[in-house]
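Novice: Predicted model, plus sequence, below.
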Amino acid sequence: MQLSRGKAKTLFTVKNQPQQLIMHFRDDTSAFNGNKIESIPGKGRLNNLFNHHIMQHLRSHHIATHHIQLINDTDSLVHSLTMLPIECVIRNRSTGSLCKRLGIPENQILDPPLFEFFLKNDSLGDPLITKSHILTFNWATRTQAELMKSLSMQVNRLLLPLFQQAGYILVDFKLEFGYQPSHPNNLFLADEFTLDGCRLWDSNTLEKMDKDRFRHNLGNVLQSYQTVATQLGIPHIHPS
Ligand code: ADP
Ligand code: TMP
């Protein structure tokens, strides 16, 4: 049974397994809070296989993730979680909304990496928020807020070298977290890690390999996603 349909993925319940969900990656691609939407045939499959690869890597380095296993090319089995209504962004280089908001020049190395919370609310345009907002409005507990930050930093430390070895700079990325109601202080990395939710630049040419290609009509979106997947050594990533 369909549980929810977001902008890029659909969640389904699993018969006799109330603690699990099927996450279906669609070809739909959206930007600017859903104001630009297109279907990119094959993207759902690529994102599902890419996400599986990254989640497996993180799990092998002791990050608790919601990902259980691949079901098929476009679907994965995940733990059903109570999601925190917050998007955690890590930035290693300046670009995007950071440059617009603070007038920072593009492509500055951010050391230490910058960590930001955003409220997950499309109709408000996902505004930047602070830990103080989170506590006052009860969007998460203090422990959860601190865990979101430390887990995001850990993910960054694990993924920076993974992408660097493949020839890419992990510029920035967004993570979402959730928990099982019986253990609110055990956060799982949830949702997805794909090129839809991060910025990745070629280390030599600084060419954009991520969803910015779609946002700014640079073309070759699927080809770029495929190139990155191949460079990472993700198996069976060639078009089916
Ligand atoms: P959006 O909600 O931004 O339009 P998607 O189309 O990617 O995004 O939909 C996926 C939805 O599933 C998101 O709202 C996300 O918070 C939610 N989600 C991700 N992982 C889980 C999980 N393990 N359990 C429950 N919900 C999840
Ligand atoms: P930003 O520069 O637009 O704030 O985005 C920072 C990074 O987070 C970028 O990799 C895109 C990602 N992101 C999403 O995928 N979804 C979101 O809703 C937000 C706010 C950011």
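Specialist: In hand now; what should we look at? Ligands and ions are numbered 1, 2, ... in the order given.

Novice: drop to CA atoms for contacts and neighbour counts, all remaining ones
Specialist: Noted.

Novice: L170 looks like it's in a strand, true?
Specialist: Yes: counting by DSSP: H, G, I helix; E, B strand; the rest coil, L170 is part of a strand.

Novice: where in this protein is pLDDT low?
Specialist: Across the chain, the ranges flagged by pLDDT under 70 are 236-240.

Novice: where does it come near ligand 1, residue by residue?
Specialist: Selection of the chain residues close to ligand 1 by Cα under 6 Å from any ligand atom yields 6-9, 66, 78-83, 190-191.

Novice: Find the residue at the geometric middle of the protein.
Specialist: With distances taken as Cα atoms, centre = their mean, the residue of the chain nearest its centroid is F193 (3.6 Å).

Novice: so how far is K43 from the closest residue to it other than its chain neighbours?
Specialist: For F193, ignoring the flanking residues on the chain, the nearest one in space by Cα to Cα, 6 or more residues apart in numbering is N51 at 5.3 Å. Per Cα to Cα, to the nearest Å, N51 is found 12 Å from K43.

Novice: just G96 next, same as before
Specialist: 23 Å.

Novice: thinking again about what came up before, when you filter the residues of the chain next to ligand 1 down to buried only, what's left?
Specialist: A8, K9, H66, V78, H79, S80, L81, M83, A190, D191 (16 or more other Cα atoms under 10 Å).

Novice: Include distance to ligand 2 and secondary structure when you put those residues into CSV, please.
Specialist: Putting these into CSV (distance: Cα to the nearest ligand atom, whole Å; DSSP: H, G, I helix; E, B strand; the rest coil) gives the following:
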residue, distance to ligand 2, secondary structure
A8, 11, coil
K9, 13, strand
H66, 18, coil
V78, 20, strand
H79, 21, strand
S80, 21, coil
L81, 19, coil
M83, 15, strand
A190, 13, strand
D191, 11, coil
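
Novice: Nearest to D122 among the residues you listed?
Specialist: A8 (13.6 Å; Cα to Cα).

Novice: For the closest one, which residues are in contact?
Specialist: F25, R26, D27, D28, T29, S30 (Cα atoms under 8 Å, 6 or more residues apart in numbering).
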